[in-house]
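Novice: Provided below for reference: sequence and predicted model.
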2 protein chains.
Amino acid sequence: MTDIFAFTLKATDGAARRGAFTTPHGSVQTPAFMPVGTQATVKGLYPEAVAETGAEIVLGNTYHLMLRPGPERIAALGGLHSFMNWGKPILTDSGGFQVMSLSSLRKLTEHAVTFRSHLDGTMFELSPERSIEIQALLGADISMQMDECLKLPAERAEIQRAMELSLRWAERSRRAFEARSAKGYALFGIVQGGDDIALRQQSARELVGIGFEGYAVGGLAVGEPQDVMLKVVAETTPALPSDRPRYLMGVGTPHDILEAVKRGIDMFDCVMPTRNGRHGAAFTRFGSINLGNARHADDPRPLDEQSAHPAARNYSRAYLHHLTKANEILGQVLLSTINIAYYQALMAGMRDAIAAGQFEDYYAATMAGWKGGDIPALS
Amino acid sequence: MTDIFAFTLKATDGAARRGAFTTPHGSVQTPAFMPVGTQATVKGLYPEAVAETGAEIVLGNTYHLMLRPGPERIAALGGLHSFMNWGKPILTDSGGFQVMSLSSLRKLTEHAVTFRSHLDGTMFELSPERSIEIQALLGADISMQMDECLKLPAERAEIQRAMELSLRWAERSRRAFEARSAKGYALFGIVQGGDDIALRQQSARELVGIGFEGYAVGGLAVGEPQDVMLKVVAETTPALPSDRPRYLMGVGTPHDILEAVKRGIDMFDCVMPTRNGRHGAAFTRFGSINLGNARHADDPRPLDEQSAHPAARNYSRAYLHHLTKANEILGQVLLSTINIAYYQALMAGMRDAIAAGQFEDYYAATMAGWKGGDIPALS
């Protein structure tokens, strides 16, 4: 238990950063990838298996948990760490993004958003204050401010309106979080502004003025091309303080992550390793491999005999193909695990390379390796 | 690697037997429960996890594997043990039962059964000789003769016809197996005869005349009441040689197994621990517990804090309820694992009790314990 959420910048290589932060449930080395535990479980993995991939922090989804089983219930059961038997750090999102993408009958006001649960139609209200309260009930080590996240492309005036609302919600979130006053816990602000660089930089400046333990870049990976996303990242990170972690929300492919680390991002989350794994796709150092493809049916080779993770070494591509075609749970579990382990290996590789001042070499070697798959990895 | 499939009877207590047999892939203590690995995987479990429940042998389904991925393919990949990364013994069924229950357009002749795959409509033929060939391609430690298994109730003449056909197929299976002549591997004959005790005893006698490394009681758990099943078992086992293992196919609930061990059975297989686990039901020493029931939603207790298996100790009933309601893979995995572990604990308890001459005490204590669940365990 630490009294202060502390981020240490250990090394830089160009804009890429090697660091670490400390939370009440332990430390996290950055750049870090956070597997997504939507409904209090990283889909298909025992919590021990999540840790064995090298993951040091997972993400929980406030929207899903507020609907089921409910934050008051989780609090009564000892909090989310205890509930899901995961003793390491947890970051929770604010719920705002998934209210917008999953619920129906939404009504957005200055005060809050009201919506109908996608599960059973129950009406809920989510305000910046209630979001902070829920994240406190869950016991999140890192909470996120509630924001409004638009899909891109969008009109500049609409982007500006949502960005400014998000700033007012940032202030309210900060006040609510201060009232909670739990030592060592963190609240991150979220930079909005769509693909408009001036709005992004204004958002970043004003958030820094409010003051947060970390800063996220939100509202990306919502339909824009990769080059637009990377340009926004590259032009936003310089406006953020170097002594706080930077989190690119909801991103992405291994290539997205490699490029974003190069541009100064420290933290990531994405459902791709588990979602794609459940659908038969493996992420490897040879690129993405579609195990459903018949060309794997007789292939006795493992996915990667040099992988540090046994799941990538102990089963043939033929067997993974069979499990995928037969829609077996074990296939979903193996590929989800292999994928998270690959993401973690990628993060560890970047951390070592930055510390050694060899990020560009690592970048080039990684990009060259990905050309071995059967799905374009560089999308 | 042993040259001879050896069964050792270590102790008896009433009709209950404590023994062990040795196969090319290791030894199995009996009474034994074999988790079912239908499609080259025990649904939801890593092979290491299967072993950690205490299971020493798994069952593979010839019907499913002949359709997909195909026995010649598995053989080319090194056999079923290697394919599914399971180094311990495997018993395979003959395929006959599932041809009857799953395929369409079946045509049964003296020679063979032809049928249409339930996956893609391809026509297949399965004869006693082809069944033995497939099981050899898979590398099964224990193969089963092909038989005809009727649903009960059935007319006596029909039961007799199927039993007599099964005896002729037993002879053909034995000849085909001898031609394979792999040392240490075993072929089991299957007693048929429905609920007719005279036919059962005739079947047993004639099978013993042919000679097998073990004997199964087939054609039960196919719709008949439990008391009918147990009566057939009780009247059949005395007709089988005491120096060969006895296998009650497709059975059953923990209570079925307890009663059948009491009547001299050594081996079991059943999909219930995994199938029921995938649907939210746990087997425990307190009986069967339906985790989908709302009364578990706030219950912080684990399923069984005294269980030897961590899956039954490390997660609250509230969490298992949540995973079940949310249809999460981890819920299916945990309950499948917990259930197989409970079955294995039950078998271990019976083995110890028989060896100590205390089977009746163990039986009474186990029956008393099951009264704690919320589903009638003694069905």
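Specialist: Yep, that arrived.

Novice: what's the burial count for residue A:151?
Specialist: 12 (other Cβ atoms under 10 Å in any protein chain shown). C-beta: built from backbone N, CA, C; applies to glycine.

Novice: ok, now residue A:301?
Specialist: By other Cβ under 10 Å, neighbour count at residue A:301 equals 10.

Novice: you'd agree it is up against residue A:319?
Specialist: No - between residue A:301 and residue A:319 there is no contact under Cβ atoms under 8 Å: 10.8 Å.

Novice: the bottom helix or strand of chain A by mean pLDDT?
Specialist: Among the helices and strands of chain A, strand A:104-108 carries the lowest confidence by mean pLDDT, DSSP states H and E, at a mean of 84.

Novice: buried residues in the helix or strand following that one?
Specialist: Using DSSP states H and E, the helix or strand that follows strand A:104-108 in sequence is strand A:113-116. Neighbour-count burial for strand A:113-116 flags A:113, A:114, A:115 (criterion: 16 or more other Cβ atoms under 10 Å in any protein chain shown).

Novice: list just the nearest of these to chain B.
Specialist: residue A:115 (19.0 Å; Cβ to the nearest Cβ).

Novice: how about the closest one, what does it touch?
Specialist: A:99, A:103, A:104, A:105, A:106, A:107, A:123, A:124, A:126 (Cβ atoms under 8 Å, 6 or more residues apart in numbering or on different chains).

Novice: do the same with residue A:23
Specialist: Residue A:23 neighbours (Cβ under 8 Å, 6+ apart): A:2, A:5, A:57, A:89, A:141, A:142, A:184, A:185, A:186.

Novice: next, it: phi, psi?
Specialist: Dihedral pair for residue A:23: phi -130, psi 170, per degrees, to the nearest 10.

Novice: for it, give the beta-bridge partners.
Specialist: Applying DSSP bridges to residue A:23 gives these bridge partners: residue A:26.

Novice: tell me the confidence at it?
Specialist: Looking at residue A:23, its pLDDT stands at 96.

Novice: that one and residue A:89, how far apart?
Specialist: 4 Å (Cβ to Cβ, to the nearest Å).

Novice: okay, and the common contacts of these two?
Specialist: In contact with both residue A:23 and residue A:89: A:57, A:141, A:142, using Cβ under 8 Å, 6+ apart.

Novice: return the member of the residues you listed nearest to chain B.
Specialist: residue A:57 (18.4 Å).

Novice: all strands for the stretch 201-350 of chain A, in order.
Specialist: A:214-217, A:246-248, A:267-270, A:281-284, A:287-290 (DSSP state E, counting those that start in this stretch).

Novice: again with the stretch 1-150 of chain A
Specialist: Under DSSP E, counting those that start in this stretch, the stretch 1-150 of chain A gives strands at A:6-13, A:16-23, A:26-30, A:32-37, A:58-60, A:90-92, A:104-108, A:113-116, A:123-126, A:142-144.

Novice: thinking again about what came up before, output the strands of the stretch 201-350 of chain A in a markdown table; the columns should cover distance to residue A:223 and mean neighbour count.
Specialist: Shown next, in a markdown table, are the strands of the stretch 201-350 of chain A (distance: least, Cβ to Cβ, whole Å; neighbours: other Cβ atoms under 10 Å in any protein chain shown):
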| stretch | distance to residue A:223 | mean neighbour count |
| --- | --- | --- |
| strand A:214-217 | 16 | 26 |
| strand A:246-248 | 16 | 28 |
| strand A:267-270 | 15 | 24 |
| strand A:281-284 | 21 | 24 |
| strand A:287-290 | 21 | 21 |
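
Novice: grab the nearest non-local neighbour of whichever residue of the stretch 101-250 of chain A sits closest to chain B.
Specialist: The minimum distance from the stretch 101-250 of chain A to chain B, using Cβ to the nearest Cβ, falls at residue A:119 (9.2 Å). Distances taken as Cβ to Cβ, 6 or more residues apart in numbering or on different chains put residue A:67 closest to residue A:119, at 5.5 Å, once the chain neighbours are dropped.

Novice: for the one you found, which residues are in contact?
Specialist: Contacts of residue A:67 (Cβ under 8 Å, 6+ apart): A:117, A:118, A:119, A:122, A:124.

Novice: if we can go back for a sec, out of the shared contacts of residue A:23 and residue A:89, who's near chain B?
Specialist: Among these, none lies close to chain B by the criterion of Cβ under 8 Å from any Cβ of the partner chain.

Novice: closest to residue A:309 out of these?
Specialist: Taking Cβ to Cβ as the measure, residue A:309 lies nearest residue A:57 of the shared contacts of residue A:23 and residue A:89, at 18.3 Å.

Novice: hmm, residue A:89 and that closest one touching each other?
Specialist: Yes - counting by Cβ under 8 Å, residue A:57 touches residue A:89, with 4.2 Å between them.

Novice: the more surrounded of these two?
Specialist: More crowded of residue A:57 and residue A:89, by other Cβ under 10 Å: residue A:57, with 26 against 23.

Novice: pull the contacting residues for that one.
Specialist: By Cβ under 8 Å, 6+ apart, the neighbours of residue A:57 are A:23, A:28, A:32, A:34, A:88, A:89, A:90, A:91, A:141.

Novice: check the closest residue to the third one other than its chain neighbours and give its pLDDT.
Specialist: Using Cβ to Cβ, 6+ apart and skipping residues adjacent in sequence, the residue nearest residue A:32 is residue A:267, 5.2 Å away. Each residue has a pLDDT score; the one for residue A:267 is 98.

Novice: partners of residue A:267 in the sheet?
Specialist: Beta-bridge partners, per DSSP bridges, of residue A:267: residue A:32, residue A:247.

Novice: I'd assumed residue A:30 was in contact with it.
Specialist: Yes - using Cβ under 8 Å, residue A:267 is in contact with residue A:30, at 6.3 Å.

Novice: which residues are in contact with both of these two?
Specialist: By Cβ under 8 Å, 6+ apart, the residues touching both residue A:267 and residue A:30 are residue A:245.

Novice: what residues does the stretch 151-300 of chain A have near chain B?
Specialist: Counting by Cβ under 8 Å from any Cβ, the stretch 151-300 of chain A sits next to chain B at A:297, A:298, A:300.

Novice: and if we set it to 10 Å?
Specialist: Applying Cβ under 10 Å from any Cβ of the partner chain, we find that the stretch 151-300 of chain A lies next to chain B at A:274, A:278, A:297, A:298, A:299, A:300.

Novice: many thanks, we can stop here.
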